[in-house]
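J.: Take this sequence and fold it.
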Amino acid sequence: MKDIVFVRIDDRLIHGQVVTGWMRQAQANRIVIVDDLVAKDSFMLDILKMAAPPKVSVNAYTIEDSIELLNGEPTANERILILAKTPEAILALVEAGIKISHLNVGGMGSKAGRSKLFRNIQASPEEVEIFKKLADLGVEVEFRVVVENKGTSLAEVLSGKNK
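T.: Numbering: from 1, shown residues only. Here you go, the predicted structure:
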């Protein structure tokens, strides 16, 4: 299995906080975007590649192709940061056997069916259930928008503290 050093849900994918904060903290040198639509949109992928730091490889894969890639043999010195827009993508990886022990939830914006879950993070009731399922599967789900903030656990978020 590949060396996954950080997993984040962020519907903006690659932007300043990811590039300057999370990449540096995780010491990642490759970004793998798990998103069926971005994987098929070469124009969007080109834009995301331009937003990444120099010398950082950026690839986008469908969920199915991501599972195949991440189950592959590790590559020397490769440290992967996984980005996805939704918790559904992460659940699919975990259910397929990809070992994810920690999930950072940092950016889920407003859209139909979603309401405020934590600070500026929105989620639908179905997405909240997915977070619970991930936790039941052994994934530590943490809400933390920027590196400098203290993380807040799923249990704390669901209890209504720290909103």
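J.: which residues touch the lengthiest helix in the chain?
T.: Criterion DSSP state H: the longest helix present in the chain is helix 125-136. Helix 125-136 is contacted from outside by 86-88, 90-91, 94, 103, 105, 108, 113-114, 117, 123, 141, 154, 158, using Cβ atoms under 8 Å, 6 or more residues apart in numbering. Yep, even glycine has a C-beta here, placed from its N, CA and C like the rest.
J.: Could you do stretch 104-122 as well?
T.: Identification of contacts with stretch 104-122 by Cβ under 8 Å, 6+ apart yields 6-12, 17, 22, 86-87, 123-128, 131, 141-146, 151-152, 157, 162-163.
J.: quick one: what helix or strand has residue 73 in it?
T.: Counting by DSSP states H and E, no helix or strand carries residue 73.
J.: State the distance from residue 46 to residue 70.
T.: 23 Å (Cβ to Cβ, to the nearest Å).
J.: Now the buried members of the contacts of helix 125-136.
T.: Those of those that meet the buried threshold are 86-87, 90-91, 94, 103, 105, 108, 114, 117, 123, 141, 154, by 16 or more other Cβ atoms under 10 Å.
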